[in-house]
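Engineer: what follows is a predicted protein model with its sequence.
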Amino acid sequence: MRHSKRYNKNLEILGGVRPKLSVEEAVKKLKSLQPTKFDPTVNIVFSLGIDPRKGEQTIRGAFSFPRGIGKRMKVIVFAEGEAADEAKKAGADEVGGVELVEKVKNGWTDFDVALATPDMMRHVGKLGKVLGPIKKMPSTKTGTVTTKVGEAVKEFKGGRLEYRNDATGNVHMFVGKLSMPEEHLIENIKAIVEHIKAQKPASLKGTYLKKAFISATMSPSIELAV
(Lines give C-alpha, C1' and ligand atoms only; values in the text may rest on other atoms or scores of the structure.)
Protein backbone atom coordinates (compact mmCIF):
# COMPACT_ATOMS: atom_id res chain seq x y z
CA MET A 1 0.00 0.00 0.00
CA ARG A 2 1.39 3.39 -1.00
CA HIS A 3 1.22 6.27 1.46
CA SER A 4 1.36 10.00 0.86
CA LYS A 5 4.56 12.03 1.30
CA ARG A 6 3.01 13.60 4.42
CA TYR A 7 2.28 10.17 5.93
CA ASN A 8 5.84 8.97 5.23
CA LYS A 9 7.28 12.19 6.67
CA ASN A 10 5.20 11.69 9.79
CA LEU A 11 6.55 8.15 10.09
CA GLU A 12 10.04 9.69 10.10
CA ILE A 13 9.00 12.16 12.80
CA LEU A 14 7.65 9.33 14.97
CA GLY A 15 10.84 7.31 14.47
CA GLY A 16 11.50 3.63 13.82
CA VAL A 17 11.06 1.72 17.08
CA ARG A 18 8.24 3.51 18.84
CA PRO A 19 7.66 2.94 22.57
CA LYS A 20 4.22 3.10 24.16
CA LEU A 21 3.49 6.66 25.22
CA SER A 22 1.41 8.17 27.99
CA VAL A 23 -1.76 9.91 26.84
CA GLU A 24 -0.11 13.29 27.42
CA GLU A 25 2.97 12.36 25.38
CA ALA A 26 0.92 10.76 22.61
CA VAL A 27 -1.31 13.81 22.14
CA LYS A 28 1.70 16.12 22.09
CA LYS A 29 3.39 13.90 19.50
CA LEU A 30 0.22 13.75 17.38
CA LYS A 31 0.00 17.53 17.34
CA SER A 32 3.65 17.78 16.25
CA LEU A 33 3.06 15.88 12.99
CA GLN A 34 2.88 17.64 9.63
CA PRO A 35 -0.51 19.36 9.31
CA THR A 36 -3.17 18.65 6.68
CA LYS A 37 -5.25 21.24 4.83
CA PHE A 38 -8.27 20.31 6.96
CA ASP A 39 -8.92 19.74 10.65
CA PRO A 40 -8.27 16.01 11.20
CA THR A 41 -10.35 13.80 13.44
CA VAL A 42 -8.51 12.12 16.31
CA ASN A 43 -9.36 8.42 16.52
CA ILE A 44 -8.79 5.74 19.13
CA VAL A 45 -8.76 1.99 18.58
CA PHE A 46 -8.95 -0.56 21.38
CA SER A 47 -7.71 -4.08 20.67
CA LEU A 48 -9.65 -6.32 23.07
CA GLY A 49 -9.15 -9.93 24.08
CA ILE A 50 -12.82 -10.77 23.71
CA ASP A 51 -14.42 -13.47 21.57
CA PRO A 52 -16.75 -11.51 19.23
CA ARG A 53 -18.70 -14.72 18.54
CA LYS A 54 -19.93 -14.84 22.12
CA GLY A 55 -22.88 -12.56 22.78
CA GLU A 56 -22.03 -12.16 26.46
CA GLN A 57 -18.66 -10.68 25.49
CA THR A 58 -20.05 -8.02 23.17
CA ILE A 59 -18.76 -4.56 24.06
CA ARG A 60 -21.47 -2.09 23.19
CA GLY A 61 -22.80 1.17 24.59
CA ALA A 62 -22.63 4.94 24.37
CA PHE A 63 -20.29 7.46 25.96
CA SER A 64 -20.49 11.21 26.58
CA PHE A 65 -17.10 12.85 26.16
CA PRO A 66 -16.40 15.42 28.89
CA ARG A 67 -15.02 17.96 26.41
CA GLY A 68 -17.30 17.25 23.45
CA ILE A 69 -15.86 15.99 20.18
CA GLY A 70 -15.44 19.21 18.20
CA LYS A 71 -18.00 18.11 15.66
CA ARG A 72 -21.66 18.96 15.17
CA MET A 73 -23.59 15.69 15.28
CA LYS A 74 -26.64 15.30 13.05
CA VAL A 75 -29.37 13.65 15.10
CA ILE A 76 -32.72 12.38 13.85
CA VAL A 77 -35.62 11.17 16.00
CA PHE A 78 -38.39 8.72 15.25
CA ALA A 79 -41.23 10.07 17.37
CA GLU A 80 -44.77 11.38 17.25
CA GLY A 81 -46.96 13.70 19.32
CA GLU A 82 -45.49 15.33 22.43
CA ALA A 83 -42.25 13.37 22.12
CA ALA A 84 -41.75 14.75 18.59
CA ASP A 85 -42.32 18.30 19.87
CA GLU A 86 -39.80 17.67 22.66
CA ALA A 87 -37.20 16.41 20.18
CA LYS A 88 -37.66 19.43 17.91
CA LYS A 89 -37.34 21.81 20.86
CA ALA A 90 -34.11 20.09 21.92
CA GLY A 91 -32.59 20.71 18.48
CA ALA A 92 -33.03 17.44 16.58
CA ASP A 93 -32.13 17.84 12.90
CA GLU A 94 -35.12 15.85 11.68
CA VAL A 95 -38.12 14.40 13.51
CA GLY A 96 -40.86 12.17 12.12
CA GLY A 97 -42.93 9.05 12.41
CA VAL A 98 -43.79 6.51 9.73
CA GLU A 99 -42.86 8.95 6.96
CA LEU A 100 -39.31 9.28 8.35
CA VAL A 101 -39.06 5.49 8.60
CA GLU A 102 -39.96 5.26 4.90
CA LYS A 103 -37.41 7.93 4.00
CA VAL A 104 -34.63 5.95 5.70
CA LYS A 105 -35.94 2.67 4.29
CA ASN A 106 -35.49 4.17 0.81
CA GLY A 107 -31.80 4.77 1.47
CA TRP A 108 -31.45 8.12 3.26
CA THR A 109 -28.77 7.82 5.96
CA ASP A 110 -27.32 11.34 6.05
CA PHE A 111 -27.19 11.55 9.84
CA ASP A 112 -24.88 10.49 12.67
CA VAL A 113 -27.34 9.25 15.29
CA ALA A 114 -30.90 7.92 15.16
CA LEU A 115 -33.08 8.03 18.27
CA ALA A 116 -36.53 6.51 18.74
CA THR A 117 -39.28 6.35 21.31
CA PRO A 118 -40.22 2.80 22.40
CA ASP A 119 -43.64 2.96 20.71
CA MET A 120 -41.99 3.74 17.36
CA MET A 121 -39.82 0.62 17.39
CA ARG A 122 -42.56 -1.48 15.79
CA HIS A 123 -41.95 0.63 12.68
CA VAL A 124 -38.23 1.36 13.15
CA GLY A 125 -37.55 -2.37 13.55
CA LYS A 126 -38.03 -2.71 9.81
CA LEU A 127 -34.85 -0.67 9.27
CA GLY A 128 -32.46 -3.28 10.64
CA LYS A 129 -31.01 -4.10 7.21
CA VAL A 130 -30.41 -0.40 6.49
CA LEU A 131 -29.20 0.88 9.86
CA GLY A 132 -27.64 -2.27 11.32
CA PRO A 133 -24.62 -2.49 8.99
CA ILE A 134 -23.79 1.21 9.51
CA LYS A 135 -24.28 0.97 13.30
CA LYS A 136 -27.08 3.53 13.46
CA MET A 137 -29.94 1.28 14.58
CA PRO A 138 -31.68 2.62 17.73
CA SER A 139 -31.20 0.35 20.74
CA THR A 140 -32.02 0.43 24.44
CA LYS A 141 -28.45 -0.74 25.16
CA THR A 142 -26.99 2.46 23.75
CA GLY A 143 -29.67 4.79 25.08
CA THR A 144 -30.98 5.55 21.60
CA VAL A 145 -34.40 4.08 22.35
CA THR A 146 -35.80 6.27 25.10
CA THR A 147 -38.84 8.14 26.38
CA LYS A 148 -36.58 11.07 27.29
CA VAL A 149 -35.85 12.14 23.72
CA GLY A 150 -35.15 15.76 24.61
CA GLU A 151 -32.34 14.83 26.98
CA ALA A 152 -30.97 12.27 24.53
CA VAL A 153 -30.91 14.77 21.65
CA LYS A 154 -28.91 17.26 23.74
CA GLU A 155 -26.48 14.57 24.89
CA PHE A 156 -25.76 13.17 21.44
CA LYS A 157 -25.45 16.59 19.84
CA GLY A 158 -23.05 17.54 22.61
CA GLY A 159 -20.63 14.68 22.07
CA ARG A 160 -22.21 11.39 23.12
CA LEU A 161 -21.18 8.56 20.77
CA GLU A 162 -22.28 4.97 20.34
CA TYR A 163 -19.69 2.21 20.09
CA ARG A 164 -19.63 -1.53 19.42
CA ASN A 165 -16.83 -4.01 18.88
CA ASP A 166 -16.24 -5.19 15.32
CA ALA A 167 -15.83 -8.76 14.07
CA THR A 168 -12.16 -8.84 15.17
CA GLY A 169 -12.84 -7.66 18.72
CA ASN A 170 -11.72 -4.07 18.20
CA VAL A 171 -13.58 -0.91 19.21
CA HIS A 172 -13.09 2.18 17.04
CA MET A 173 -14.14 5.67 18.16
CA PHE A 174 -13.20 9.24 17.49
CA VAL A 175 -12.36 11.40 20.48
CA GLY A 176 -12.28 14.90 19.01
CA LYS A 177 -10.67 17.14 16.40
CA LEU A 178 -6.93 17.77 16.29
CA SER A 179 -7.55 21.52 16.62
CA MET A 180 -9.03 21.04 20.10
CA PRO A 181 -6.85 22.19 23.02
CA GLU A 182 -4.31 19.57 24.05
CA GLU A 183 -5.75 19.29 27.55
CA HIS A 184 -9.25 18.66 26.17
CA LEU A 185 -8.09 15.80 23.97
CA ILE A 186 -6.16 14.32 26.89
CA GLU A 187 -9.22 14.48 29.13
CA ASN A 188 -11.43 12.85 26.47
CA ILE A 189 -8.94 10.04 25.80
CA LYS A 190 -8.38 9.25 29.47
CA ALA A 191 -12.12 9.21 30.08
CA ILE A 192 -12.92 6.75 27.26
CA VAL A 193 -9.98 4.50 28.22
CA GLU A 194 -11.33 4.18 31.77
CA HIS A 195 -14.85 3.64 30.45
CA ILE A 196 -13.81 0.82 28.10
CA LYS A 197 -11.75 -0.80 30.87
CA ALA A 198 -14.87 -0.88 33.03
CA GLN A 199 -16.80 -2.81 30.36
CA LYS A 200 -14.78 -6.02 30.80
CA PRO A 201 -17.17 -8.99 30.49
CA ALA A 202 -17.50 -11.12 33.63
CA SER A 203 -17.08 -14.31 31.55
CA LEU A 204 -13.78 -13.23 29.99
CA LYS A 205 -10.65 -15.16 30.97
CA GLY A 206 -7.25 -13.67 30.26
CA THR A 207 -6.22 -10.23 29.04
CA TYR A 208 -9.08 -7.86 28.23
CA LEU A 209 -7.51 -4.61 27.03
CA LYS A 210 -4.57 -5.73 24.89
CA LYS A 211 -3.59 -2.51 23.12
CA ALA A 212 -4.85 1.00 22.41
CA PHE A 213 -3.76 3.39 19.66
CA ILE A 214 -4.58 6.96 18.72
CA SER A 215 -4.16 8.55 15.31
CA ALA A 216 -5.36 11.53 13.32
CA THR A 217 -6.99 11.30 9.90
CA MET A 218 -4.29 10.14 7.42
CA SER A 219 -1.60 9.89 10.14
CA PRO A 220 0.34 6.91 11.51
CA SER A 221 -0.90 5.50 14.82
CA ILE A 222 0.69 5.93 18.25
CA GLU A 223 0.36 3.19 20.87
CA LEU A 224 -0.77 4.24 24.32
CA ALA A 225 0.61 2.94 27.60
CA VAL A 226 -2.69 1.85 29.14
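Structural biologist: Structure's in. What do you need? Numbering: from 1, shown residues only.
Engineer: just grab the bridge partners of the residue nearest to the spatial centre of the chain for me.
Structural biologist: Nearest to the geometric centre of the chain sits residue 173, at 3.9 Å (CA atoms, centre = their mean). With DSSP bridges applied, residue 173 shows beta-bridge pairing to residue 44.
Engineer: and it, what does it touch?
Structural biologist: Residues near residue 173 by CB atoms under 8 Å, 6 or more residues apart in numbering: 43-44, 63, 161, 163, 192. Just so you know, the C-beta spots here come from the backbone N, C-alpha and C atoms, and that holds for glycine as well.
Engineer: ok, and the most crowded of these?
Structural biologist: residue 44 (23 neighbours; other CB atoms under 10 Å).
Engineer: that one: what's it in contact with?
Structural biologist: Here residue 44 is in contact with 172-175, 189, 192-193, 212-214 (CB under 8 Å, 6+ apart).
Engineer: among those, the buried ones, what's the PyMOL command?
Structural biologist: A single PyMOL command is used to select the members of the contacts of residue 44 judged buried by 16 or more other CB atoms under 10 Å:
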select buried, resi 173+174+175+189+192+193+212+213+214
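Engineer: sort out for me which of the contacts of residue 44 are in helices.
Structural biologist: 189, 192-193 (DSSP state H).
Engineer: any idea which of those residues is closest to residue 113?
Structural biologist: For those, the residue nearest residue 113 by CB to CB is residue 192; the value is 17.0 Å.
Engineer: so that closest one touches residue 61, yeah?
Structural biologist: No. Residue 192 lies out of contact with residue 61 (CB atoms under 8 Å); the separation is 11.0 Å.
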